[in-house]
Structure formats: structure tokens, C-alpha cells
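**Student:** Build me a model from this:
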Amino acid sequence: MKINIYKKWILIFFLVSTSLILFNFIIDSNGYFQLIKINGINANKYEIISEYATKLYYARCAKPAALMLGTSRMMVFKPSDVEHYINMKTYNLSLSGSNVYEQFNYFNYMVKNYDIKYVILSLDFFSYSPENKDKIGFNERRFKHGFLLSDFKDALFGLQSLKSSVDAVRNNIAGKCAQINWTEGYSTWCEKEKAVQEYGDVIIERDMKNSLKVFSTDPLGYNSEAFKNPDSINDNLLLLKRIVNTCKERGITLKLYISPIYKNQFDLIYAMGLGDTYEKWKYEIAQIADYYDFTGRNSVTSDKSLWWDTSHLKAQYGKYIFARIFGDNKTTVPEDFGILITKENAAENITKLNTQVKSTDVKEILLLNDDYDN
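**Tutor:** Numbering: from 1, shown residues only. Got it, this is the predicted structure:
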């Protein structure tokens, strides 16, 4: 009799466990499987375990011919902004706060396993910092086969995975906006848009000040003694050179540009004692390949209304960047926004850029006050 009771409970446990695993598999709250998509139930993904993991699984599923790479500054732009010019399926594989080593690994995996013909790489200074490393969710072993068994274990088993699945269903039913469109890889900034609509531009002002504060205090930003040494970027420059050389070897068209940053953040780089490293960075990139530079003081980087914070340009103004790098003469772009930097003109333009610094007083810069510009 006892044996039958044990069998009954074992059977119940098995059925319940199997049901929960199947539920987690169908909801797929991290987007690792992507076999079942039900609008209003599991189509959007919210509290994922790791952007670094989820992005790779979606990029694999997309099988793009072109990649957009970089940090969250590139991630604000839709692939359609690029597809408009190259007529190829494009995926935005940019990763928030990523360093060059991480970007290289994602690039290397995609070009080895997919027929990549075009790469647009956004260059960001902080990505080259020796302090910018050891990200949660980044795992080199994931690139050996394009997945980790531990990813599937975390997604299917345990109470946390069940909670994530339940939350995903609840958020989909409620119609909550997803911060990232994983299918195409771009960030939506929908929560920020909603907040601005409700509270006005005070939200932008607040986030611009917060952005400056973070970059001035965080070692992953500009608060790094090691980063002040210009030679600290050498290893990361070699990784960039490997990306450039791989594109040449494989016949991949590569477009490089330095992302724009708001004028106060540009000043902050010099105020934090990183001017020498910053100027070496720009000069050495030009020795590797031509690129467009959108930084410094210009019509876009001086107009507060075009920005979400001091680091992220609003998505609709990405058209200026892409029109410039793709030579689109039909789109009106501010004349002073975007300069083609080559080996021949790098030193001259870097010298000009240096003269655009208006303040090296960190406290003054953090106030976000335009008065010191005058």
C-alpha cells in the first residue's frame, strides 16, 4: 500500500515538474528558444537574466547579413536606419556598456558562422578603458557552440525561472512596453518617452546630470587612474585592428564612427585628466582605418533637445549619423556634424578638437549650465 502511495506522489511530482518546465519553455522569458511566439502572452521579453546572453540567441535566430555593433549609444538606433542604405537584413548586436573585447567576441562569432557582408561599428572611448571588464553574463565559452547548457538550465528549472515566466506573461497581457526590441536588437526608450510625456523635460535634465555624475565617479566611465595612461588602450586598439583586418580578409564592408556625446561630457573627458589618452585613441584609430568623428562641439552635441542624456542621442537623430557615413546628400545634416578622419588629417583635427574644450572644472561641468560656454 505504501509503495503505491510513493508511486502516486512520484507521479504527481513528475507531472508538476514537467508542466512547469514546459511552461517555462513555451513562455521563454529570456528568448533562448524562440520556437513559440504568442502575441500578448510571450512575444515581448522583460526581466531577462543577461542582455549578453539574450542578444546572442536573437542574433543567431535573425541570421543577418549586416551587423550594427557598439554600446548602448549605437543600440538606440533601429536596423531599418541602416537597411535604408544597404538593403540587407541587419541586426543591432550592440551591448550596453560593452568593452572592445566583448564586441570583438560577438563580431568574431557572427562572421565565422553567418554570411556577414556589412558591419557598422560605433566606437566609444570608455569601451577602451582597462577598467571596463568582467561583465555579468559575458562568457567566452558561449561562443564555442553559440550557446551554454547552463543558460537552458537557468531558463527552465527553479523558482526564479518560474517567476520570470509568470512576470513575462503578466507584462505581456498588461501591454507593458519592452525596453529592448530583441528581434531587431535596438533599445526602445519607451519608459523614458512615457516619463517625459508625463513630467516634461525635467526628466531629461535630471538624467543628463545623472549621466555626467556616473561618468565622473565610475571607474567603468572616466574615474580611472589607469585610463589616464595613454598606453592603457594599446591592447584594445589591437582588437580593433583585428576586426578591421578580418573584414578585409572576408570582403566585409566596414563603416567606423565615433559616437557623438553631449558637449558637457566631451569637456568631462579632459576635466578627468583623460585628454592625452583620448587624443591618442583618436589618432591611433586613424592609423588603423578611416572613420567619422561626431564628437566635440557642433550643432548636434550642443543642442540639449536632441538628447536622452549626455551619452545617448535620441533615435530619430541617428539619421544624421547614417546620412553622413553613407554619403546621403538628400538628407539635410548639420554641416559641422561628422568629420571624416584619415591618417593624413588626424593630427590636425585632433588639435582643433582640443581647442573646443570650454571647461576643465568638474563641478562646473556637472551643473549642466550653459553659461560657461559663453
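
**Student:** tell me the contacts of the closest residue to Glu335 other than its chain neighbours?
**Tutor:** Spatial nearest neighbour of Glu335, excluding adjacent residues (CB to CB, 6 or more residues apart in numbering): Ser299 at 7.8 Å. The way it works is simple: take the backbone N, C-alpha and C, and place the C-beta from them, glycine included. By CB atoms under 8 Å, 6 or more residues apart in numbering, Ser299 lies in contact with 334-337.

**Student:** Just the buried residues from those, in ChimeraX please.
**Tutor:** For the buried members of the contacts of Ser299, the matching ChimeraX selection, counting by 16 or more other CB atoms under 10 Å, is:
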select :337
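
**Student:** so is the residue nearest to Glu335 in a helix, a strand, or just coil?
**Tutor:** The three-state label given to Ser299 by DSSP: H, G, I helix; E, B strand; the rest coil is coil.

**Student:** next one: phi and psi at Lys255?
**Tutor:** phi -120, psi 130 (degrees, to the nearest 10).

**Student:** Which residues does the residue nearest to it when sequence neighbours are not counted form beta bridges with?
**Tutor:** In space, and not counting its chain neighbours, Lys255 is closest to Ile120: 4.7 Å by CB to CB, 6+ apart. Under the criterion DSSP bridges, Ile120 forms beta bridges with Met68, Lys255.

**Student:** Then Tyr91 would be within a strand, right?
**Tutor:** Yes - if the criterion is three-state DSSP, then Tyr91 is within a strand.

**Student:** Near His145, how many other residues are there?
**Tutor:** 10 (other CB atoms under 10 Å).

**Student:** wait, Thr332
**Tutor:** 10.

**Student:** Quick check: the gap between it and Phe322.
**Tutor:** The gap separating Thr332 from Phe322 is 13 Å, by CB to CB, to the nearest Å.

**Student:** try Glu83
**Tutor:** In terms of CB to CB, Glu83 sits 10 Å off from Phe322.

**Student:** and what of Ile36?
**Tutor:** 35 Å.

**Student:** In terms of packing, which of these two has more residues around it?
**Tutor:** Comparing Ile36 with Phe322 by other CB under 10 Å, the one with more neighbours is Phe322, at 20 against 11.

**Student:** Would you map the helices across the stretch 1-150 of the chain?
**Tutor:** Secondary structure of the stretch 1-150 of the chain, counting by DSSP state H, counting those that start in this stretch: helices at 2-27, 51-62, 72-75, 79-86, 100-113, 142-145, 149-156.

**Student:** How far does the third one sit from its chain's centre?
**Tutor:** Averaging C-alpha positions (CA atoms, centre = their mean, to the nearest Å) puts helix 72-75 4 Å from its chain's average.

**Student:** Repeat that for the fifth one.
**Tutor:** Using CA atoms, centre = their mean, the distance from the centre of helix 100-113 to the centre of the chain it belongs to is 14 Å.

**Student:** Does anything pack onto it? Which helices or strands?
**Tutor:** Where contact means 3 or more CB pairs under 8 Å, 6 or more residues apart in numbering; DSSP states H and E, helix 100-113 is packed against helix 51-62, strand 66-69, strand 118-123, helix 142-145, helix 234-250.

**Student:** again, 6 Å this time
**Tutor:** helix 234-250 (3 or more CB pairs under 6 Å, 6 or more residues apart in numbering; DSSP states H and E).

**Student:** Please pull out the lowest mean pLDDT helix or strand from this protein.
**Tutor:** In the chain, no helix or strand scores lower on mean pLDDT, DSSP states H and E than helix 2-27, which sits at a mean of 82.

**Student:** so how far is Lys314 from the closest residue to Tyr278 other than its chain neighbours?
**Tutor:** Using CB to CB, 6+ apart and skipping the chain neighbours, the partner closest in space to Tyr278 is Ile269 (5.2 Å). Separation of Ile269 from Lys314 (CB to CB): 22 Å.

**Student:** Show me which positions of stretch 319-336 end up buried.
**Tutor:** Result for stretch 319-336 [16+ other CB under 10 Å]: buried residues 319-325, 333.
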